[in-house]
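Visitor: Everything below, folded, please.
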Amino acid sequence: MKTRRIVMGLVLMMLSLNALSQRVSSPNGKLTLKSKDSGYVVYYGKQAVLEIPVVGMEGVDVAGKLRRTGTVTADYRMPAGKRLHCTNEANEYRSGALVLRLYNDGVALRYELEGLSGKLPKELTAYRIGEGTRRWMQQWTDSYEGFFPQADTYKVKPVRSFSGTFTSPDGYNCRWGYPALLEPADGVFVLLSEANIERKQSASCLYNEGELFRVVPDKNEVSVEGSWHTPWRVAIIGTLAEVVQSTLVTDVSEPSQIADVSWIKPGVVSWIYWAYNHGSNDYQIIKKYVDMAAVLHLPYVLIDAEWDTMKDGKTIEDAIAYARLQGVQPMIWYNSSVGWVDGAPTPKFRLNKAEDREREFAWCEKLGVAGVKIDFFSGDDQRNMDYCLDLLECAARHHLLVNFHGATIPRGWQRTWPNLLSTEAVYGAEWYNNVPTFTDKAAAHNATLPFTRNVVGPMDYTPCAFTNSQHPHITTDAHELALTVLFESGLQHLADRPESFLSQPSDVRQFLSELPAAWDETRLLAGYPGRYVVMARRSGERWYVAGINAEQQPRQTTFMMPADGTFRTAIVFSDNQQNPGHFAISQLENVRRPMTYSMAPNGGFVMVLNP
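Guide: Residues are numbered from 1 along each chain as shown. Down below sits the predicted model:
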């Protein structure tokens, strides 16, 4: 018996060591994952870059050796986004309820549960983010409107937000929103987020206790009978370029639920709000924005809040008819009526019930409304998620584009419901209306967003303000123009007033008239979060290269052009050294690579390259 116990002990020890040393990999071998204790460590090459010390759900078996279950291939097309044709490949592994995929650019995991009856079990997933790890993380707020300050510690004092603050006993912020960008090793980055929120699911965020950051789903009181699974917990891993260019969030999301997407047209939008810090109940102001869209050949105009209280005997039907007569497609605003309701702008309570929603969207379709902007949601809980999905499905039936505001970040819905062309969830140009804080911080914030928020999906920042609203801006005109390329959004709302855009040089007006809102390809050429960024995006055979400088001194940067060979011509919009803050516009011929370019403090540039 003693001998048998010794043998059994040796066998168990060998099995434990085997599990401890088990290593699995992505299809290209660049990423590997190794078992460690009750969790895993992810390696980029030979460098350990992400520790997941805890996996599982309470009472759910995920123990044991990972077994290979096959290869998962993503190959699909999007009507909008950073890349219209998306492809990716993963090796998939399972252990009990745990499903784990190693893609060439990241890791995704979720839990698939069977035999449930009643409330959902508690999720245990956690990441370890060691002290000293450089990070760009946003304090959680239900609107996701905040900065991503650089830090190397979790010991950050909370900033007051609309949805309150969440502090640890020692007074530090302890609740964090997605996405969270980490630099665990020099030149290697990890972006944490999640994807594929479905009905009966809530979104999650991160709560930390020291170095341990737990994945905590928001409120979800559904009872489930039978099978259910969590959303995907996603970590995009690689160089900055690999992170920025990744489509992993949509790669793991459900395919399109819309059979015919030919009616979904991305485009630039003339936007009524920023200049006046007010809604759209003035018919004469609406006409100005419609006329601007017509002159600049912009496809859309957004008629913002309060259109149901139009002045001077005019109605929303009059405004819609005027826009359509000028060849401009109107979009209109709604209050979701689940978040800010009391004291909030109208129209309210038109979308909450299924029958009301159906009637309202049918009315929009009949009048020729192209899309809806829906505002003021109330967080990440399951009811909000289901409501958003109900809105997207109903809007799709009536061929309406959707822009969610005051809402959660994109988590893959833009693939499943591709009529969702943009989402706010960003501290954007609107904040020049609200507080003076944005003036001094905007340039660094702008140079952080391409590496954080905009990686996971379209971002309705409302860029390109040459003039001032309630609070001034100190970024140059070239910096502002660069944001229209740098920030991806299927509906790119231009913030400034009509007289500002229409008084720009003819080359600038032509640039705005031809500006794409969807891209065949995206490449990061240079940059570092919060300091500077140079991005290239391709539409057809034409490349757009945009760069901004977030620092208070000039920056000279060298980057490779985005394609082999020579570009025949280029028009360049850059900072005017003789008239600071304004444009210098030049024409180049036979543009070769590499290129060295200088940007003014808080400045920028845009190149339009013809092959």
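Visitor: Sketch out the low-pLDDT regions of the stretch 501-611 of the chain for me.
Guide: Low-confidence segments of the stretch 501-611 of the chain (pLDDT under 70): 565.
Visitor: Quick one: the helices in it, in order.
Guide: Secondary structure of the stretch 501-611 of the chain by DSSP state H, counting those that start in this stretch: the helices cover 506-514.
Visitor: beta partners for Val573?
Guide: You called it Val, but residue 573 is Phe. Beta-bridge pairing for Phe573 (DSSP bridges): Ile585, Val606.
Visitor: How many neighbouring residues does it have?
Guide: By the criterion of other C-beta atoms under 10 Å, Phe573 has 23 neighbours. C-beta: built from backbone N, CA, C; applies to glycine.
Visitor: Distance of it relative to Phe501?
Guide: 14 Å (C-beta to C-beta, to the nearest Å).
Visitor: ditto for Ser262
Guide: 30 Å.
Visitor: same thing with Gly164?
Guide: Taken as C-beta to C-beta, the span from Gly164 to Phe501 is 39 Å.
Visitor: Neighbour count for those two, which is higher?
Guide: Neighbour totals were compared for Gly164 and Phe501, and Phe501 leads with 22 against 12 (other C-beta under 10 Å).
Visitor: give the contact list for Met385.
Guide: Contacts for Met385 (C-beta atoms under 8 Å, 6 or more residues apart in numbering) come out as 197, 199, 201-203, 408.
Visitor: Closest to Asn549 out of these?
Guide: Ranked by distance to Asn549 (C-beta to C-beta), these are led by Thr408 at 31.1 Å.
Visitor: Just say helix, strand or coil for that closest one.
Guide: coil (DSSP: H, G, I helix; E, B strand; the rest coil).
Visitor: what's the answer for Met331, then?
Guide: Met331 is classified as strand under three-state DSSP.
Visitor: Tell me who's in contact with the nearest residue to it once chain neighbours are set aside.
Guide: Counting by C-beta to C-beta, 6 or more residues apart in numbering, Met331 lies nearest to Gly371, which is 4.2 Å off, once chain neighbours are set aside. The contact partners of Gly371, by C-beta under 8 Å, 6+ apart, come to 300, 331, 395, 400-403, 419, 421, 491.
Visitor: gap between Gly371 and Asn403?
Guide: Taking C-beta to C-beta, one finds Gly371 at 7 Å from Asn403.
Visitor: okay, and the common contacts of the two?
Guide: Residues touching both Gly371 and Asn403 (C-beta under 8 Å, 6+ apart): 331, 421, 491.
Visitor: Let me have these in a markdown table, adding pLDDT, distance to Thr141 and neighbour count as columns.
Guide: Listed next are the shared contacts of Gly371 and Asn403 as a markdown table, based on pLDDT from 0 to 100; distance: C-beta to C-beta, whole Å; neighbours: other C-beta atoms under 10 Å:
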| residue | pLDDT | distance to Thr141 | neighbour count |
| --- | --- | --- | --- |
| Met331 | 98 | 26 | 25 |
| Leu421 | 98 | 23 | 27 |
| Leu491 | 98 | 23 | 28 |
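Visitor: Which residue, other than its chain neighbours, is closest to the residue nearest the centre of the chain?
Guide: By C-alpha atoms, centre = their mean, the chain has its centre lying nearest to Gly457, at 3.3 Å. Of all residues not flanking Gly457 in the chain, Pro410 sits nearest, at 2.5 Å (C-beta to C-beta, 6+ apart).
Visitor: For the one you found, give me the pLDDT.
Guide: Looking at Pro410, its pLDDT reads 98.
Visitor: burial of it, as a residue count?
Guide: Neighbours of Pro410 (other C-beta under 10 Å): 29.
Visitor: before we move on, what about Trp363?
Guide: Trp363 has 13 nearby residues by other C-beta under 10 Å.
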